[in-house]
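*Asks:* just to be clear, the model below is a prediction. Sequence and coordinates:
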Amino acid sequence: MENFIPRNLLMWPFPARGEVHTRTLRHVADTSNQLWEEHADWWIEGFTDGADPEYEEQILPLAAHEIAGARRVLDIGCGDGQVSRLAAANGVEDDITVIGIDPTWNCLAVASERGGGPAYGRAAAAALPFADESFDTAVACLVFEHIDDVDDAIAEVARVLELGGRFCFFLNHPILQTPDAGWINDHTVDPPEQYWRMGPYLVESATIEQVQKDVFIRFIHRPLSRYVNALAEHGLVIERMLEPSPPPGFLEISEQYEAASAFPRLLYLRLRKIS
């Protein structure tokens, strides 16, 4: 069990699923995980602990609402644990159990240090170390756009959810993930115009993007239908879909961001396991 974070929890509260437990906790030396290990500080410093207006004003309030009433929560790709802590804090009186899993050691170390009630361990989304129907709620917040084996990961979500369980699924909106997407300042017209250039939306593709100087993160673009159809194949059907406008705190960061108010940056799906 050398792959567990030792400072916060040493045991899973649910039985493991045969050999999956050992296989999941083995180090996976793929490019995406290596980049996250190297650049975890970029995420933790810029997007957690109150640093990011989109999390503070939009994602976390929405997550709190959608997780309300849960008893056993799995936070897939938990990062520093901010959604896990939120779930645990909201469910104290109801004796909620929250487990966060992530393949990145550096994120899990911070999650463990920040505590807040959840249990944490290292695992991959495509091979979850839990028995069938262990949870009534699963959450994945801005995670699946970094996962290669998406079909296996979705199958695992469905497997560990009990019948009637919910999957709270947050994605960077697919229109943001198309290759070479971005704002274009067109000075060939008078007056000049600014518009959003979208790359080949229907083509599933992986890119390594420089998100900050010397910080590189791997993203995978998939059209929305790719996710929805894979989810449906595993008995997960959409109950709610949101494409909110960016929150005020984000739009206020720069005058140039005001033009983004008509473009969703976040896609949220609430899914229910029906079979």
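*Replies:* Perfect, thanks for sending it.
*Asks:* CA atoms for contacts and neighbours, from now on please.
*Replies:* OK.
*Asks:* quick check: longest helix in the chain by residues?
*Replies:* Longest helix in the chain by number of residues (criterion: DSSP state H): helix 31-47.
*Asks:* buried sites along the regular element (helix or strand) spanning E209?
*Replies:* Using DSSP states H and E, the element containing E209 is strand 205-212. Using 16 or more other Cα atoms under 10 Å as the test for burial, strand 205-212 gives A206, T207.
*Asks:* which residues are contacting it?
*Replies:* P179, F216, I217, R218, F219, I220, H221, R222 (Cα atoms under 8 Å, 6 or more residues apart in numbering).
*Asks:* among those residues, which one is most surrounded by other residues?
*Replies:* H221 (24 neighbours; other Cα atoms under 10 Å).
*Asks:* correct me, but it touches N172?
*Replies:* No. Using Cα atoms under 8 Å, H221 is not in contact with N172; the gap is 9.5 Å.
*Asks:* so what sits against both of the two?
*Replies:* Any residue near both H221 and N172 by Cα under 8 Å, 6+ apart counts here, and that gives E145.
*Asks:* ok, the nearest residue to G249 once chain neighbours are set aside - contacts?
*Replies:* Spatial nearest neighbour of G249, excluding adjacent residues (Cα to Cα, 6 or more residues apart in numbering): P53 at 5.2 Å. Applying Cα under 8 Å, 6+ apart to P53 gives the contacts P247, G249, F250.
*Asks:* and the helices in the stretch 151-275 of the chain?
*Replies:* Per DSSP state H, counting those that start in this stretch, the stretch 151-275 of the chain carries helices over the ranges 174-177, 224-233, 248-251.
*Asks:* weakest of the ones you listed by average pLDDT?
*Replies:* The minimum mean pLDDT among these belongs to helix 174-177 (a mean of 88).
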